[in-house]
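Asker: no sequence on this one, just coordinates:
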């Protein structure tokens, strides 16, 4: 996400933006399905608790950001506020051909919220019928990736990468993993200490990030599916991956990742348009001779600078806004 938005020179070359969102969808599908399957009580009680807890987690800083953008008169937000406020900006972005702006990345959050509308109903309604639940989920995954790969339904093609129909494939793939994990159906032979499988998955992931082929998006999703399930099943045989995943700083950044998501692009957009671009564009790079190549490497400075600023603001938001609000989750939706 940060690489894609702050270093698009390399981000576009390694499919960083697509893969980051796709991995996020698979993790999200896995987590919310496990939460729903573990919930106790009646359908209405569990549904109310799930929606209430998700609302307290997602809404506050999202709507605070929208309010701030309207307050300062940010035109794209003011003009399309109805779509931002109703989590339908992913469709408006394509339908109205909205240019890239400081809030463009919220299309992926819109898909998440749309998924939350029907998925809890499905899981809670059929949690007593696991085989049916698995079968229907597998059918949804197949249909979504079929469209993403073949572009068969022409009416859906403009929304292939930002619509719920196609991107629900990864959310449901993560959900399928959550169902298997909940029922202790993960194969020890496949997800256990099997360094060959690990290397094959990471090799497929690396290749798929760098080249384009027909099944690219299916392979990327399956690699993420394996990595997520492997992470909850057992340690990796590749030692440095375990060290990375158990690093306290990495885990802390993971805990504030939602805030980083919400704040990072507005930070980068305004700093770049208001301060960096006017100064940078005023430089006559042709006069630098051999060093004129520097013109293409501003991202070397912007990526770490904007990333640290995003992490810092997300940390402040987590401590002073999100955590106090999250204490209400157990008070009202235990």
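Answerer: Looks like it came in fine. The structure displayed is predicted, hence computed values, not measured ones.

Asker: avg pLDDT for the helix ranked longest in the chain?
Answerer: The single longest helix within the chain, with elements called by DSSP state H, is helix 43-71. Average pLDDT, helix 43-71: 95.

Asker: after it, next one along is what?
Answerer: Next in sequence after helix 43-71, counting helices and strands by DSSP states H and E, comes helix 75-79.

Asker: in that next one, what's buried?
Answerer: Buried residues in helix 75-79, counted by 16 or more other C-beta atoms under 10 Å: 76, 77. Quick note: C-beta positions are derived from backbone N, CA and C, even for glycine.

Asker: quick check, distance from that helix to the centre of its chain.
Answerer: 24 Å (C-alpha atoms, centre = their mean, to the nearest Å).

Asker: mean confidence (pLDDT) on it, please.
Answerer: Here the average pLDDT along helix 75-79 is 96.

Asker: contacts for that helix?
Answerer: 66, 69, 70, 84, 98, 99, 101, 102, 103 (C-beta atoms under 8 Å, 6 or more residues apart in numbering).

Asker: buried residues in the helix or strand just after that helix?
Answerer: Moving toward the C-terminus from helix 75-79, the next helix or strand (DSSP H and E) is helix 81-85. By neighbour count with 16+ other C-beta under 10 Å, helix 81-85 contains the buried residues 81, 83, 84.

Asker: any chance of these in a markdown table, plus distance to residue 35?
Answerer: Below are the buried residues of helix 81-85 laid out as a markdown table (distance: C-beta to C-beta, whole Å):
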| residue | distance to residue 35 |
| --- | --- |
| 81 | 31 |
| 83 | 28 |
| 84 | 26 |
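
Asker: wait, residue 271 touches residue 306, no?
Answerer: Yes. Residue 271 lies in contact with residue 306 (C-beta atoms under 8 Å); the separation is 7.0 Å.

Asker: ok, these two, which is more surrounded?
Answerer: residue 306 (23 against 15; other C-beta atoms under 10 Å).

Asker: what sits against that one?
Answerer: Contacts of residue 306 by C-beta under 8 Å, 6+ apart are 2, 6, 264, 267, 268, 271.

Asker: the third one: which element?
Answerer: It refers to residue 264. helix 257-271.

Asker: please pull out the lowest mean pLDDT helix or strand from this protein.
Answerer: helix 8-11 (a mean of 70; mean pLDDT, DSSP states H and E).

Asker: so after that helix, what's the next helix or strand?
Answerer: helix 16-38.

Asker: looking at that next one now, give me its mean pLDDT.
Answerer: 94.

Asker: now do the buried residues in stretch 267-280.
Answerer: Neighbour-count burial for stretch 267-280 [16+ other C-beta under 10 Å]: 267, 268, 269, 272, 276.

Asker: what is the nearest of the residues you listed to residue 328?
Answerer: residue 267 (27.5 Å; C-beta to C-beta).

Asker: I figured the closest one hits residue 311, correct?
Answerer: No. Contact criterion C-beta under 8 Å: residue 267 and residue 311 do not qualify, at 10.4 Å.

Asker: low-confidence ranges, the stretch 201-334 of the chain, go.
Answerer: Across the stretch 201-334 of the chain, the ranges flagged by pLDDT under 70 are 291.

Asker: for it, what spans make up the strands?
Answerer: Using DSSP state E, counting those that start in this stretch, no strands are found in the stretch 201-334 of the chain.

Asker: so which residues of it form helices?
Answerer: 216-233, 239-245, 248-255, 257-271, 277-281, 299-317, 323-332 (DSSP state H, counting those that start in this stretch).

Asker: any idea how far residue 178 lies from residue 129?
Answerer: 16 Å (C-beta to C-beta, to the nearest Å).

Asker: of those two, who's got more company?
Answerer: residue 178 (27 against 11).

Asker: which residues touch the spatially closest residue to the more buried one that is not a sequence neighbour?
Answerer: Among residues not flanking residue 178 along the chain, residue 33 sits closest, at 3.4 Å (C-beta to C-beta, 6 or more residues apart in numbering). For residue 33, the contact set (C-beta under 8 Å, 6+ apart) comprises 119, 123, 174, 175, 178, 179, 182.

Asker: most surrounded residue in those?
Answerer: residue 175 (31 neighbours).

Asker: just checking, that residue touches residue 31?
Answerer: No. Counting by C-beta under 8 Å, residue 31 is not a contact partner of residue 175; they are 9.4 Å apart.

Asker: just how off-centre is stretch 32-50 within its chain?
Answerer: Per C-alpha atoms, centre = their mean, the centroid offset for stretch 32-50 relative to its chain is 23 Å.

Asker: end-to-end on that stretch?
Answerer: 9 Å (C-alpha to C-alpha, to the nearest Å).
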